[in-house]
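K.L.:
Provided below for reference: sequence and predicted model.
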Amino acid sequence: MSIQQQVEKAIVSEEAQSSGVKQAVFGAAIGNLIEWFDYASYGYLATIIAVVFFAPGNEKAALLGTFGVFAVSFIARPIGGVVWGHLGDRLGRKRILTLTIILMSFATFSIGLIPGYATIGIAAPLLLLLCRIVQGFSASGEYAGASLFIAEYAPDSRRGLLVSMVPASTAAGLLLGALTAILLEYNLTQEALHSWGWRIPFLISGPLGLIALYIRMKLEDTPVFNEMDHTETQAPILESIRQNWNKVFIAFGVICLNAVGFYIILSYMPTYLVKELGFNSLTSILTTIVSLTTYVILLPFVGTLADRVGRKPVLIGASILFILFTYPSFLLLSQGGIYAVMAQILLGAILAGNDGVLATFLSEMFPTSVRYTCFGLSFNMGNAIFGGTAPFVATFLILQTDNTFAPAFYLMAAALVAFLALLRTKETANKSLHHE
């Protein structure tokens, strides 16, 4: 082969690789956005769901019941993390991402069809719980799968930037959910909103899910997975526990900050602002959108920074910032107006500092043959214990202490745990993800 032919072959190969990376990022991110729009709809409509699905007469109890369903659904997350992880390590990343979008869309669409408590009584919250468990089971395979799908396509030097598209698409899904909630609040009367309006975001998950399914079915599995010897690892679950339990435990500690921070700042916050600080519903969602927008904008910059200085310094920095600035941020929130907006910007920015690199960090921690299993197990255990319970714990702590700033102390404690866990980790930047 002549030098010219070799150069031409190299150029074609590089173009094909670049095209594959773009398709991987788009396919994983767009599906993730749609899944998390489905998942977020529940959080942004929690106060309405409390009225529709629970017995009237005790507003606080109904809200606790709503967040209780939110929390219990996370029981499925560790189970799903292990199941999807095992299948993803054996059958491929693409297949699992295709299955998770089907399950999530079906469960979310079904919530939109459930009659309220006034119609079917106790069956209403029970059916709601069932759908939420299916949602949780689906979500347990989505975040890890989408992160790994991009990470295993991405060049080592740009992995932080490209994988940051997963939390960015997650937040974009939340943002879309928040905007939908605002449109409903603004255009519908309270009677219409409680009667049928709240169902709209759940019902449109059906056609959105079909779009995501079509996109993902056209993807090829990752080169890293395709080059594996799939007869080598017969039991990824057992191997991950036996050989990687220390890494899983450390990852669990790091993840607790993401779990508490994400669900306090981006999911529970609208309810907190309404119920505890006296904001109206529209203002609470608008200020949360400020936090979400800040978060989305900064994530790629954080990913790029992590590519330049490493994963560990960025994660440690975010933990320290949470410890120092969470309480002042909540003080600003209580002042309302422009101060609340400033607080939301600050919280969104600090959260981006953690989440913009976390998925990349977790993707690089574990060997190829058990990567999906270990990522899924640690991430979903952390979210089940700390994330899904965050709105419930925050509400409970406020009731028990009569201190509206209790959620701030909870978030600071999570940041301290993550900081201590990070001190025991090694830098993973520029690590090859090909089979060890």
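P.N.:
Now that the structure is in, tell me what you want to look at.

K.L.:
centroid-nearest residue for this protein?
P.N.:
residue 170 (5.7 Å; Cα atoms, centre = their mean).

K.L.:
what's the helix or strand for that one?
P.N.:
Using DSSP states H and E, the element containing residue 170 is helix 165-187.

K.L.:
buried stuff in the next helix or strand after that helix?
P.N.:
Following helix 165-187 in sequence order, the next helix or strand is helix 190-195 (DSSP H and E). Neighbour-count burial for helix 190-195 flags residue 193 (criterion: 16 or more other Cβ atoms under 10 Å). (Glycine included, C-beta is placed from N, CA and C.)

K.L.:
which strands or helices does helix 190-195 pack on?
P.N.:
In terms of contacts (3 or more Cβ pairs under 8 Å, 6 or more residues apart in numbering; DSSP states H and E), helix 190-195 is packed against helix 46-53.

K.L.:
can I get the helix it packs on in CSV? Just the C-alpha atoms.
P.N.:
Output in CSV follows, covering the C-alpha atoms of helix 46-53 (Å, rounded to 0.1, in the frame of the first residue of the first chain):
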residue,chain,number,x,y,z
ALA,A,46,-45.9,17.0,43.2
THR,A,47,-48.3,19.4,44.9
ILE,A,48,-51.1,18.7,42.4
ILE,A,49,-50.4,14.9,42.5
ALA,A,50,-50.8,15.1,46.3
VAL,A,51,-54.3,16.5,45.9
VAL,A,52,-55.3,14.1,43.1
PHE,A,53,-54.0,10.8,44.4
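
K.L.:
the closest residue to the residue nearest to the centre of the chain other than its chain neighbours: neighbour count?
P.N.:
What sits nearest to residue 170 in space, not counting adjacent residues and going by Cβ to Cβ, 6 or more residues apart in numbering, is residue 36, at 4.7 Å. Using other Cβ atoms under 10 Å, the number of residues around residue 36 comes to 25.

K.L.:
what mean pLDDT does the helix holding residue 170 get?
P.N.:
Helix 165-187 shows a mean pLDDT of 84 in the predicted model.

K.L.:
what angle sits between it and helix 46-53?
P.N.:
Here helix 165-187 runs at an angle of 60 degrees relative to helix 46-53 (axes from the mean of the first three to the mean of the last three Cα atoms, to 10 degrees).

K.L.:
got the buried residues for helix 165-187?
P.N.:
Neighbour count says helix 165-187 has 165-182, 184-185 buried, by 16+ other Cβ under 10 Å.

K.L.:
against which helices or strands is it packed?
P.N.:
helix 3-44, helix 123-151, helix 200-203, helix 281-309, helix 337-365.

K.L.:
adding distance to residue 224, write those helices out as TSV.
P.N.:
Below are the helices and strands packed on helix 165-187 laid out as TSV (distance: least, Cβ to Cβ, whole Å):
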stretch	distance to residue 224
helix 3-44	11
helix 123-151	8
helix 200-203	36
helix 281-309	18
helix 337-365	10
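
K.L.:
could I get those helices as CSV with mean pLDDT?
P.N.:
CSV is the format used below for the helices and strands packed on helix 165-187 (pLDDT from 0 to 100):
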stretch, mean pLDDT
helix 3-44, 62
helix 123-151, 87
helix 200-203, 88
helix 281-309, 89
helix 337-365, 93
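
K.L.:
so which of these comes closest to residue 388?
P.N.:
helix 123-151 (7.4 Å; Cβ to Cβ).

K.L.:
now do the closest one against helix 165-187, angle only.
P.N.:
140 degrees.

K.L.:
how far off centre is the helix or strand just after helix 123-151?
P.N.:
Sequence order places helix 159-163 as the next helix or strand after helix 123-151, per DSSP H and E. Distance, stretch centre to chain centre, for helix 159-163: 16 Å (Cα atoms, centre = their mean, to the nearest Å).

K.L.:
the residue nearest to the centre of the chain and residue 83: what is the separation?
P.N.:
21 Å (Cβ to Cβ, to the nearest Å).

K.L.:
with residue 97 instead?
P.N.:
14 Å.

K.L.:
compare these two (neighbour count), which wins?
P.N.:
Looking at residue 97 and residue 83 with other Cβ under 10 Å, you find the greater number of neighbours at residue 97, namely 28 against 18.

K.L.:
tell me the contacts of the more buried one?
P.N.:
27, 28, 31, 141, 142, 145, 146, 149, 216, 219 (Cβ atoms under 8 Å, 6 or more residues apart in numbering).

K.L.:
from these, list the buried ones, please.
P.N.:
Judged by 16+ other Cβ under 10 Å, buried ones among the contacts of residue 97: 27, 28, 31, 141, 142, 145, 146, 149, 216, 219.

K.L.:
setting aside sequence neighbours, what's the nearest residue to residue 431?
P.N.:
That would be residue 364: by Cβ to Cβ, 6+ apart, it lies 4.9 Å from residue 431.

K.L.:
do you know how far the one you found is from residue 358?
P.N.:
According to Cβ to Cβ, residue 364 stands 11 Å off from residue 358.

K.L.:
please say which of those two ends up with more neighbours.
P.N.:
residue 358 (29 against 23).

K.L.:
alpha carbons only: can I get the helix or strand residue 104 falls within in PDB?
P.N.:
Assigning secondary structure by DSSP H and E places residue 104 in helix 93-111. Presented in PDB, the C-alpha positions along helix 93-111 are these (Å, rounded to 0.1, in the frame of the first residue of the first chain):
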ATOM      1  CA  ARG A  93     -24.900  -1.100  26.000                       C
ATOM      2  CA  LYS A  94     -27.200  -0.400  23.100                       C
ATOM      3  CA  ARG A  95     -29.700  -3.200  23.800                       C
ATOM      4  CA  ILE A  96     -30.200  -2.000  27.400                       C
ATOM      5  CA  LEU A  97     -30.700   1.700  26.400                       C
ATOM      6  CA  THR A  98     -33.400   0.500  23.900                       C
ATOM      7  CA  LEU A  99     -35.200  -1.500  26.600                       C
ATOM      8  CA  THR A 100     -35.000   1.300  29.300                       C
ATOM      9  CA  ILE A 101     -36.600   3.900  27.000                       C
ATOM     10  CA  ILE A 102     -39.500   1.500  26.300                       C
ATOM     11  CA  LEU A 103     -40.200   0.800  30.000                       C
ATOM     12  CA  MET A 104     -39.900   4.500  31.100                       C
ATOM     13  CA  SER A 105     -42.200   5.800  28.400                       C
ATOM     14  CA  PHE A 106     -44.800   3.000  29.100                       C
ATOM     15  CA  ALA A 107     -44.800   3.700  32.900                       C
ATOM     16  CA  THR A 108     -45.000   7.500  32.500                       C
ATOM     17  CA  PHE A 109     -47.800   7.200  29.900                       C
ATOM     18  CA  SER A 110     -49.700   4.900  32.300                       C
ATOM     19  CA  ILE A 111     -49.500   7.500  35.100                       C
END
